[in-house]
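In: Predicted structure and sequence below. I'll ask about it afterward.
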Amino acid sequence: MKEETGAQGARLYAAVKPCEERIMPKMKTHKTASKRFKITSSGKIQRLRIGKSHLRRKKPRRLLRVLDKTTEVADVGNVKRIKRLLPYMSKKG
């Protein structure tokens, strides 16, 4: 039998497997978000600061050192969105 994907594959899976053997599909981690954000041991989300990707020559060295540090994601809506994108990275629910 040919391997089916998508909705057709899900229907075939449901038809072949009895109800007691079905398992929930795994949630996928958003790979770009996992590279951009880190979660601390206390559950807070850390991100890099903006403004360091280009035009660095005209910026003061002190500013560039400040931009090296990470900062916390403060907006509650963004925190919820990021935690949804990273289901297996969050420390606290």
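Out: Right, received. Where do you want to start?
In: show me what contacts residue 45?
Out: Neighbouring residues of residue 45 by C-beta atoms under 8 Å, 6 or more residues apart in numbering: 37-39, 72-73, 79, 82-83. For glycine as for every other residue, the C-beta is placed from the backbone atoms N, C-alpha and C.
In: same for the strand or helix carrying residue 81, what does it pack against?
Out: Under the criterion of DSSP states H and E, residue 81 resides in helix 76-85. Applying 3 or more C-beta pairs under 8 Å, 6 or more residues apart in numbering; DSSP states H and E, one finds that helix 76-85 contacts helix 31-36, strand 45-48.
In: Nearest to residue 65 among the ones you listed would be which one?
Out: Checking these against residue 65 by C-beta to C-beta gives strand 45-48 as the closest, at 13.6 Å.
In: Partner strands of the closest one, with direction?
Out: When pairing is defined by DSSP bridges, strand 45-48 lines up against strand 37-39 (antiparallel), strand 70-72 (antiparallel).
In: Out of those, which one sits most buried?
Out: Each of the strands paired with strand 45-48 was scored by mean neighbour count; the highest is strand 37-39, a mean of 17, by mean count of other C-beta atoms under 10 Å.
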